[in-house]
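Peer 1: got a predicted structure plus its sequence, pasted below:
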Amino acid sequence: MKNELSVMMFSWEFPPRVIGGISPHVYFLSKSLAKNGVKVHVVTCDFPGAPAHEVIDGVNVYRIDSYKNPAPDFATWVYLMNLNMQREAAAIVNKLGGKIDVFHAHDWLVATAGIGLKHVFRKPLLVTMHSTEIGRRDGLHTDTEKMIHETEAWLTYEAWKVICCSDYMVSHVKWAFGLPEDKLVMIPNGVNTHVYESSEKEACESFRTKFALPEEKFVLYVGRLVYEKGIHVLINAVPKVLEKVNAKFIIIGSGYMKEQLLNIVRSMRLEHKVLFMGFVDDETLLKLQKCADVSVVPSLFEPFGIVALEAMAAKSPVVVSDTGGLSEIVDHDTTGFKAYPNNPDSLAWGITKILLDENYRNYIRENAYRKVQEKYDWEKIAQQTKAIYKAVLGEYSKSFWA
Amino acid sequence: MRVIILSWEFPPRVVGKLAEYINALSTQLVKNKVETYVVTYHDFLTGTVEEASGVKTVRVANPVRTHIGVLTWDLTLNQEVERAAANIYYQANKQIDLINVYEWHFIPAAVTLKNALNVPFVYSVESLEDHRSPNSNTPYNMSIKSIEWLGFYEAARVSVKSDWMRDEIVRIYNVPKEKVKVVSPSTPSWIKDVLELYNSVAGGLDSE
């Protein structure tokens, strides 16, 4: 294509470097954009064994020397890493004859690289705010937190558009940085449904015998064992569910609340009903998600809620707490059950209803799967993202920078 | 010739001797028909001003007000320096002959501008971290030294004010001696030496 749209993305993580959710997000987004005819360059941090430059499904990935400068602390390292990212990206763009249409930064971790290059090359900058410091820390308590918050504010100020993955994050970011409404765009996070299509459903019968008795229903929790994820609410709901249904509760993940939770389970004499499995490999997780009779996401705070989406893609019915991004992903009684947050009775009600009512279960399962395909498909997300790039370029073409 | 000087001090913001020196240098450059811009830092006197001397100054502030150290302050301020320098570059129809960066603070900006826009830079050294903080090898000191190193590596030429400093740079950073020029303000040929140095760099040594 001649007038191919080209974007340079900045991300501090990209596979095989995986620290959090930004890495898979940028990976799938960039691949899907490339499939949609966008020329994508990803500039990211290096990783042992990963090449400095490679092409993955049409995406040009550049890994920069991110530990070149000694740094006294994490935040200073971030800015020093940005110095190197900016320097190497500047040379790449220069080598491409300046043929980059938009810069796209992911979070404050690449803020200064994005901002600097925007001005040096006079190209529009977009940012996706995956999270905020003020949200992560529930307030700003130290100079480091304030500095990061102000860097985020600066980044959103410099950005042409600010993309958030849920309506909840849109309103949060708008409040946190005082942004005008028309600067914010909601494009959801995606889930890769193909991964769940690949393994066969029949295998469930034998697979589940590893974890549950044949007569037991199979309830799944995936997440860190920390307060904000509300796992204690689920544990408190266990005896309430067992009054009505015979079930096994499989808990995947770890966290500081593990001992506490184990003690509660022991005191209830339900060790044989609740299985703490810690971390499991990707394949096991995938099978668990596919075979679960119900997946529970009882979070008290949740910016997006990717776990619920994964369950829906795996055709497992979901019970979620009605909060944050989860409120948007799930429509009550249609694509899942929404329980009152921090309420074990409400949670138990939802789990019991799904486990006992097969028609309801199948109805929710099908609706949820359809919603995931319609709204959270990377292909669609890439098209929406491309449309935003085009809209920004349209505005840009009338500016004196063009 | 059109030159952008990057300096973290310039009157009225005087921290050490550098402010006065940049003032004298830029004034002399204008007198010698060099179109001279100074991009510098000020907390509130921001914006572009043409001084009585004919020097055009752009003062930028740091958009991030809270910091945990000089390094984070410096590394965020550099984007504003880049913005100011890029504005000059585009307004001048991309005709900037060279950038002269003083001290380590704005080396990140000079390096980005060089790599992005092919504008070569001269790195002028007043002092080194090794001398300011002798025997200090904390990550903080090492970090500043690594920025100085980047400056020596990326610069087209290095300028110093004494033979001693040239030898120190050669000793500490293994910079080739030919790359370091001694331009002493105490000699009568001072401004002529500066212009000679600028002329040797203008247009880009690297592209030769």
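Peer 2: On my side now, so go ahead.

Peer 1: which residues of chain A lie near chain B?
Peer 2: Selection of chain A residues close to chain B by CB under 8 Å from any CB of the partner chain yields A:68-73, A:75-76, A:79-80, A:82-83, A:86-88, A:90-91, A:93-94, A:112, A:115-117, A:119-122, A:143-144, A:146-147, A:150-151, A:154, A:157. C-betas here are computed from N, CA, C, even on glycine.

Peer 1: if any of the residues you listed are buried, give me the PyMOL selection for them.
Peer 2: Selection of buried members from those for PyMOL, criterion 16 or more other CB atoms under 10 Å in any protein chain shown:
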select buried, chain A and resi 68+69+70+71+72+75+76+79+80+82+83+86+87+88+90+91+93+94+112+115+116+117+119+120+121+122+144+146+147+150+151+154
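
Peer 1: just the ones of the residues of chain A next to chain B in helices?
Peer 2: Of the residues of chain A next to chain B, the ones assigned to helices by DSSP state H are A:75-76, A:79-80, A:82-83, A:86-88, A:90-91, A:93-94, A:112, A:115-117, A:119-121, A:143-144, A:146-147, A:150-151, A:154, A:157.

Peer 1: can I get the helix or strand of chain A with the lowest mean pLDDT as CSV, trimmed to CA atoms?
Peer 2: None of the helices or strands of chain A scores lower by mean pLDDT, DSSP states H and E than helix A:193-198, at a mean of 78. Provided in CSV are the C-alpha atoms of helix A:193-198 (Å, rounded to 0.1, in the frame of the first residue of the first chain):
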residue,chain,number,x,y,z
THR,A,193,-10.8,-16.0,21.7
HIS,A,194,-8.9,-18.3,19.4
VAL,A,195,-6.8,-19.6,22.2
TYR,A,196,-9.9,-21.0,23.9
GLU,A,197,-11.2,-22.4,20.6
SER,A,198,-8.2,-24.6,20.1
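
Peer 1: enumerate the positions of whichever helix or strand comes after that helix that are buried.
Peer 2: Once helix A:193-198 ends, the next helix or strand along the chain (criterion: DSSP states H and E) is helix A:204-208. The neighbour-count check on helix A:204-208 (16+ other CB under 10 Å) flags A:204, A:208 as buried.

Peer 1: what's helix A:204-208 packed up against?
Peer 2: helix A:282-291 (3 or more CB pairs under 8 Å, 6 or more residues apart in numbering or on different chains; DSSP states H and E).

Peer 1: what helices or strands is the helix it packs on leaning on?
Peer 2: When contacts are defined as 3+ CB pairs under 8 Å, 6+ apart, helix A:282-291 sits against helix A:193-198, helix A:204-208, strand A:217-222, strand A:247-252.

Peer 1: contacting residues for residue A:82?
Peer 2: Counting by CB atoms under 8 Å, 6 or more residues apart in numbering or on different chains, residue A:82 touches A:110, A:111, A:112, A:113, B:75.

Peer 1: so the first one sits against residue A:10, correct?
Peer 2: Yes - between residue A:110 and residue A:10 there is a contact at 3.8 Å, judged by CB atoms under 8 Å.

Peer 1: overlap of the contact sets of those two?
Peer 2: With CB under 8 Å, 6+ apart, residue A:110 and residue A:10 have common neighbours residue A:85.

Peer 1: just the strands in chain B please.
Peer 2: B:2-6, B:35-41, B:47-50, B:56-60, B:98-102, B:121-124, B:157-160, B:180-182 (DSSP state E).

Peer 1: just put these in CSV and tack on mean neighbour count, mean pLDDT and distance to residue A:181.
Peer 2: Formatted as CSV, the strands of chain B follow (neighbours: other CB atoms under 10 Å in any protein chain shown; pLDDT from 0 to 100; distance: least, CB to CB, whole Å):
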stretch, mean neighbour count, mean pLDDT, distance to residue A:181
strand B:2-6, 23, 98, 38
strand B:35-41, 24, 98, 34
strand B:47-50, 12, 95, 30
strand B:56-60, 21, 98, 29
strand B:98-102, 28, 98, 40
strand B:121-124, 27, 98, 42
strand B:157-160, 22, 98, 51
strand B:180-182, 19, 97, 55
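
Peer 1: can you check which of the ones you listed gets nearest to chain A?
Peer 2: With CB to the nearest CB as the criterion, chain A lies closest to strand B:56-60 of these, at 11.2 Å.

Peer 1: so which elements touch that closest one?
Peer 2: Strand B:56-60 is packed against strand B:35-41, strand B:47-50, helix B:70-91, with contacts defined by 3+ CB pairs under 8 Å, 6+ apart.

Peer 1: who does the second one touch, helix- and strand-wise?
Peer 2: So the one you mean is strand B:47-50. Counting by 3+ CB pairs under 8 Å, 6+ apart, the packing neighbours recorded for strand B:47-50 are strand B:56-60.

Peer 1: hmm, try it at 10 Å
Peer 2: Judged by 3 or more CB pairs under 10 Å, 6 or more residues apart in numbering or on different chains; DSSP states H and E, the packing partners of strand B:47-50 are strand B:35-41, strand B:56-60, helix B:70-91.

Peer 1: against residue A:295, how distant is residue A:283?
Peer 2: In this view, residue A:283 and residue A:295 are 17 Å apart by CB to CB, to the nearest Å.

Peer 1: buried among the contacts of residue A:82? Need that as a selection in PyMOL.
Peer 2: Per 16+ other CB under 10 Å, the buried members of those correspond to this PyMOL selection:
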select buried, (chain A and resi 110+111+112+113) or (chain B and resi 75)
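
Peer 1: I'd say residue B:109 and residue A:117 touch.
Peer 2: No - the pair residue B:109 and residue A:117 fails to qualify as a contact (CB atoms under 10 Å) at a distance of 11.9 Å.

Peer 1: any residues in contact with both of the two?
Peer 2: Common contact partners of residue B:109 and residue A:117 (CB atoms under 10 Å, 6 or more residues apart in numbering or on different chains): A:86, B:79, B:82, B:86.

Peer 1: closest to residue A:172 out of these?
Peer 2: Distance to residue A:172 across the shared contacts of residue B:109 and residue A:117 (CB to CB) is lowest for residue B:79, with 25.3 Å.

Peer 1: ok, now which ones touch residue A:187?
Peer 2: Residue A:187 makes contact with A:29, A:128, A:161, A:163-166, A:380-385, A:387-388 under the criterion CB under 10 Å, 6+ apart.
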